[in-house]
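Undergrad: My questions are about this predicted structure, shown below with the sequence.
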Amino acid sequence: MKKAAMALMVFGAMIFWLPMLADPYMTSRLLLVALGAAGLLMTKSERASSMEVPSLLMAAVAIISAVFAADWRYAIIGSYQSGMDSLIAFVCYSCVVFAAARSGETVDDVARMVSVASIPVSLYGIFQRFFHDPLIWSDLHYGLRISSSQGGPIFLGAVMSLSILCSIHLAKKGDKLAWAALAVGLPCLWFTQTRGAMLATAAGAAIMSRWTMFAFIPALVMMPRMLASGTSDIARFEVWKIALKVFADNPLLGYGPGNFYLAFRRYAGLGMVGAAKTAAYAQAHAHNDILHVAATMGLIGLTAYALLGCSALWIAWKHAERRFLFALLAAYAVLSSFNPVTASAFVVLALIFGVASSRKIGAPERCLPLALASVAVFLAVGRLTLADYHYARGGLAKSDPATSAMEFQRAAKLNPWEMFYSCKQVDSLVRLIPYMPLEQRRPLALAARQLAAKAVERHPLDSYAHELLGKQILIGYIAGFRDIAPAKALDEFNKAQEYAPTFETLMWRRLATAKELGASAQAWLADKDISELHRASGKGGV
């Protein structure tokens, strides 16, 4: 039973996925993980984790920060389908640590599960590199970069880095299956073309054995590209600067877990546009875990994060498999310095350090509070995953407006806190208007405007919500509703621009609306903003 629950968590983190839910939706990775953790926590055990205090403290800090977050709803579910640092995820990670410690498994047992699970992940990724993937409903390939079951090359790179280190650890002990995992894992890692993951793997391998370092010479050849010579590298430095600005303005509790996307859009300026060479650039993560924690959870979050890190280092130092555990921590340190670390990688680390920190506590007992927390996570993630399924189906049914609208309605009903769903829900209703009888068009337009108003109530600091309401006010006015003047739409666009100062689409909406209303001063400001944006992005003036 306990081994099956551990295997279920590994499978859920590394292999389980549904087409179109893999990118960028990370929360679904926690579905089976939470179920496996609940099973272990409900089973009697005489063991517990010595990391329970720092792991619970990290979850507690996330809860406190969420209460005072810029948007507490995103703090719970994560920002725009990226739930790696959501409150749900933090609770799940803590439950995994506790559950793994109670399993009675060893570090080698978990490493073997991860190594075995990496084989189908690697084979799937290699297949994607050379053949069309029939399981993916749209292009997730990022050119020649593969995503396998992880939804993106950066996320896949993080998982492969940790699983390759598990395979190296076992191969040194003569595990033949680990050698097979390495044979397919190394090319899979290479095909991700993720430099941070390659460097992380090399760093971990060097700690375990200096001879294994030679397997990563190709990664080292690529390391000069780590310098700020490309657009993505320069843009990453700008993201770091934005994270520091967010932290400076919100030093104690941060902007809130799951709120970095909101903070990024509000704090991004022309420097970010110039670095990225585009205004259509947004990030849900600071591309550095220390800066991300500082920006989203402030000083209390950094303190909890440091205590958790020190606890992991202490566990590694005392453990018989010291080199392997230090290798994993070194890999995580490199991964978290350059890119977001996927929920799957966090689960793998929580499983391994959970069993590494296992200690006897006396009489066998259940851990019902955390078991209930895991069940709550499972139910919440199940609902969010089902919502995303309907959202994906709505996108596939573009040629059928009625079906598309129905699917987006279902997605928004299941998860009314996700602005992507609200936007599609409202837009799909508007698309139906030309197909409806005349007597039904006005009620449909009014319903769309009311839904947009509710979106603003839920997310008053979200530029998408204000933009959505501005559009619906104009559509409602055209439909004959005179209770709200068109000037209110311009106010909403201006408010949206305040929360996303570099979003070009908003500038054009402001300009068109101002011209239509004869607001010359507002039109001049919008035109000026567009010209400055184009100069910053290298497009020139207009």
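TA: Nice, thanks for sending it over.
Undergrad: only C-alpha atoms for contact and neighbour calcs from this point on.
TA: Fine.
Undergrad: Going along the chain, name the helices of the stretch 151-300 of the chain.
TA: Using DSSP state H, counting those that start in this stretch, the helices assigned to the stretch 151-300 of the chain run over residues 153-171, 176-192, 195-208, 217-222, 231-249, 260-267, 270-276, 289-318.
Undergrad: for the stretch 351-500 of the chain, same thing?
TA: With helices called from DSSP H, counting those that start in this stretch, the stretch 351-500 of the chain shows them at 368-396, 401-414, 419-432, 438-458, 463-478, 487-499.
Undergrad: Mind listing what's buried along the second one?
TA: Right, helix 401-414. 401-412, 414 (16 or more other Cα atoms under 10 Å).
Undergrad: just the last one next, same as before
TA: For helix 487-499, burial by neighbour count (16+ other Cα under 10 Å) applies to 487, 489, 490, 492, 493, 494, 495, 496, 497, 498, 499.
Undergrad: Direction-wise, compare it with helix 463-478 and give the angle.
TA: 170 degrees (axes from the mean of the first three to the mean of the last three Cα atoms, to 10 degrees).
Undergrad: Same question for the longest one.
TA: In this structure, helix 368-396 runs at an angle of 50 degrees to helix 463-478, with the same axes, to 10 degrees as the basis.
Undergrad: same question for helix 368-396, mean pLDDT?
TA: Across helix 368-396, pLDDT averages out at 90.
Undergrad: from the middle of its chain, how far away would stretch 61-75 be?
TA: Relative to the centre of its chain, stretch 61-75 is centred 16 Å away, using Cα atoms, centre = their mean, to the nearest Å.
Undergrad: contacting residues around it?
TA: Residues outside stretch 61-75 that contact it (Cα atoms under 8 Å, 6 or more residues apart in numbering): 76, 86-87, 90, 253-259, 296-297, 300-301, 304, 417-418, 459, 461.
Undergrad: residue ranges with poor pLDDT in the stretch 401-542 of the chain?
TA: Along the stretch 401-542 of the chain, segments meeting pLDDT under 70 span 539-542.
Undergrad: Try it again at 50.
TA: Applying pLDDT under 50 to the stretch 401-542 of the chain flags the ranges 541-542.
Undergrad: got a pLDDT number for residue 220?
TA: The per-residue pLDDT of residue 220 was computed as 57.
Undergrad: Ok, residue 246 next?
TA: You'll see residue 246 listed with a pLDDT of 96.
Undergrad: Not counting sequence-adjacent ones, nearest residue to it?
TA: residue 295 (5.4 Å; Cα to Cα, 6 or more residues apart in numbering).
Undergrad: Would you mind measuring from the one you found to residue 60?
TA: Here the criterion is Cα to Cα, to the nearest Å. By it, residue 295 lies 17 Å from residue 60.
Undergrad: Have a look at those two and say which one is more surrounded.
TA: Taking other Cα atoms under 10 Å, residue 295 and residue 60 do not tie; residue 295 has more neighbours (35 against 17).
Undergrad: ok, so what distance separates the more buried one from residue 67?
TA: Counting by Cα to Cα, the gap from residue 295 to residue 67 is 15 Å.
Undergrad: now residue 531
TA: With Cα to Cα as the criterion, residue 531 and residue 67 are 40 Å apart.
Undergrad: and if you look at residue 75?
TA: The value you get for residue 75 to residue 67, if Cα to Cα is used, is 8 Å.
Undergrad: Equivalent analysis for residue 349, please.
TA: In terms of Cα to Cα, residue 349 sits 27 Å off from residue 67.
Undergrad: So between those two, which is more surrounded?
TA: residue 349 (21 against 17).
Undergrad: Pull the contacting residues for the more buried one.
TA: Per Cα under 8 Å, 6+ apart, neighbours of residue 349: residue 328.
Undergrad: Can you say which helix or strand has it in it?
TA: According to DSSP states H and E, residue 349 maps onto helix 343-356.
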